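Peer 1: predicted structure and sequence below. I'll ask about it afterward.
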Amino acid sequence: MGSPEDQAYRLLKEHCNGFMVSQVLFSACELGVFDLLAEAPGPLASAEVAARLASSPRGTEQLLDACVSLKLLQVDVRRGKAVYGNTELASTYLARTGPRSQQNMLLYMARTTYTCWGHLAEAVREGRNQYLKAFGAPAEQLFTAIYRSEAEQLLFMRGLQEVWSVCGGSVLAAFDLSPFPLICDLGGDFFTDPLPHADLYILARVLHDWSDEKCSQLLARIHHACKAGGGVLVIESLLDADGRGPLTTQLYSLNMLVQTEGRERTAAQYRALLAPAGFPRVHCRRTGGTYDAVLARK
Ligand SMILES: C[S@@+](CC[C@H](N)C(=O)[O-])C[C@H]1O[C@@H](n2cnc3c(N)ncnc32)[C@H](O)[C@@H]1O
């Protein structure tokens with residue numbers, strides 16, 4: 001006999017429960033489950049995990065078992081007793097000491113991004129980010145809201161850099177950068193301060209924070225400072241030409257709606273910003289990973 005639930009209902013349930021899956025992951029990170037198991041000399045029983053984390057035995061066992069189903073933890077039964085350890089995924093990406101740890105980004109998503117997404121419907125209705133409702137933070141100056149405390153700024157910066165341990169190699173290998181002896185990763189206030197002269201400017205996940213108008217303003221300033229024959233390397237997650245995928249990039253674009261003044265864009269939309277700013281020779285390379293590369297020459 002087939003399942004009484006049809007495929008459409010199963011899909012609906014999966015979408016509907018997606019936030020619970022995120023919360024299992026976030027809570028296990030917040031509680032320190034993956035760090036404890038990474039540092040323990042061997043797998044631990046749920047009662048030992050609960051005692052070490054000062055969490056309830058009942059809740060801990062339920063959380064650990066859900067993590068097993070999500071392939072974040074593995075369970076072994078030894079003399080009738082279940083003991084838990086990290087899977088390779090957890091020891092690589094979730095433990096603080098993992099070689100490609102994404103822990104700060106997960107904590108940022110758990111505390112900040114998730115709270116902003118609680119206001120997604122309002123963001124869609126109003127067409128703007130939700131810092132005021134989510135945190136009482138006015139967002140006329142976007143990065144004043146994003147960096148609203150030192151702890152928040154540190155978590156954001158630590159979290160953002162973590163992805164490059166996974167994706168950095170492929171975006172930097174997308175183009176031959178040897179023709180550009182002097183490369184500048186812009187800091188200071190790039191909307192007002194004089195920009196240093198360079199052969200190549202890297203804008204990694206910068207343009208997606210801003211409206212088309214602000215992007216054009218920034219690119220015009222870069223064009224003015226850029227040496228002859230130089231260019232801009234834009235690193236972003238590219239939407240498909242029709243904007244209908246990939247889903248991850250569409251979700252990131254909605255995230256830009258709830259958290260910034262910008263959006264994710266298609267290759268053609270980046271071309272339409274770069275060419276009028278004086279960078280007419282635009283080449284886009286998809287890396288097959290989360291982030292892609294667009295090289296535009298003066
Ligand atoms: C989404 S983060 C990307 C950081 C980094 N490029 C990366 O991809 O990991 C956007 C960056 O733009 C910087 N930023 C925002 N406004 C700026 C401004 N007016 N001048 C200089 N940097 C700015 C922020 O401090 C932040 O580091």
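Peer 2: Cool, got the structure.

Peer 1: wait, what's in contact with residue 148?
Peer 2: If a contact means C-beta atoms under 8 Å, 6 or more residues apart in numbering, then residue 148 has 131, 135, 137 as its contacts. C-beta here means a position set from N, CA and C on the backbone, and glycine is covered the same way.

Peer 1: what about it, which SS state?
Peer 2: Three-state call for residue 148 (DSSP: H, G, I helix; E, B strand; the rest coil): coil.

Peer 1: and it, how far from the ligand?
Peer 2: According to C-beta to the nearest ligand atom, to the nearest Å, residue 148 and the ligand sit 13 Å apart.

Peer 1: ok, now which ones touch residue 199?
Peer 2: Taking C-beta under 8 Å, 6+ apart, we find residue 199 in contact with 179, 180, 181, 182, 183, 226, 227, 229, 230, 231.

Peer 1: most neighbours among the residues you listed, which one is it?
Peer 2: Of all the contacts of residue 199, the highest neighbour tally under other C-beta atoms under 10 Å goes to residue 231, namely 27 neighbours.

Peer 1: identify the bridge partners of that one.
Peer 2: residue 200, residue 297 (DSSP bridges).

Peer 1: confidence score at it?
Peer 2: The model reports residue 231 with a pLDDT of 98.

Peer 1: quick one: name the residues of the stretch 151-298 of the chain near the ligand.
Peer 2: With C-beta under 6 Å from any ligand atom as the criterion, the stretch 151-298 of the chain meets the ligand at residues 160, 161, 187, 188, 189, 190, 191, 204, 205, 206, 209.

Peer 1: out of those, give me the two with the largest separation.
Peer 2: 161 and 191 (22.3 Å; C-beta to C-beta).

Peer 1: what is the neighbour count of residue 124?
Peer 2: The tally of other residues near residue 124 (other C-beta under 10 Å) stands at 11.

Peer 1: that one touches residue 130, doesn't it?
Peer 2: No. Between residue 124 and residue 130 there is no contact under C-beta atoms under 8 Å: 10.4 Å.

Peer 1: Three-state assignment for the closest residue to residue 210 other than its chain neighbours, please.
Peer 2: Nearest residue to residue 210, sequence neighbours excluded (C-beta to C-beta, 6 or more residues apart in numbering): residue 262, at 4.7 Å. What three-state DSSP gives for residue 262 is coil.

Peer 1: by neighbours, which of the contacts of residue 148 wins?
Peer 2: Each of these was scored for neighbours by other C-beta under 10 Å, and residue 131 scores highest at 23 neighbours.

Peer 1: where's it relative to residue 286, distance?
Peer 2: Distance, residue 131 to residue 286, by C-beta to C-beta, to the nearest Å: 32 Å.
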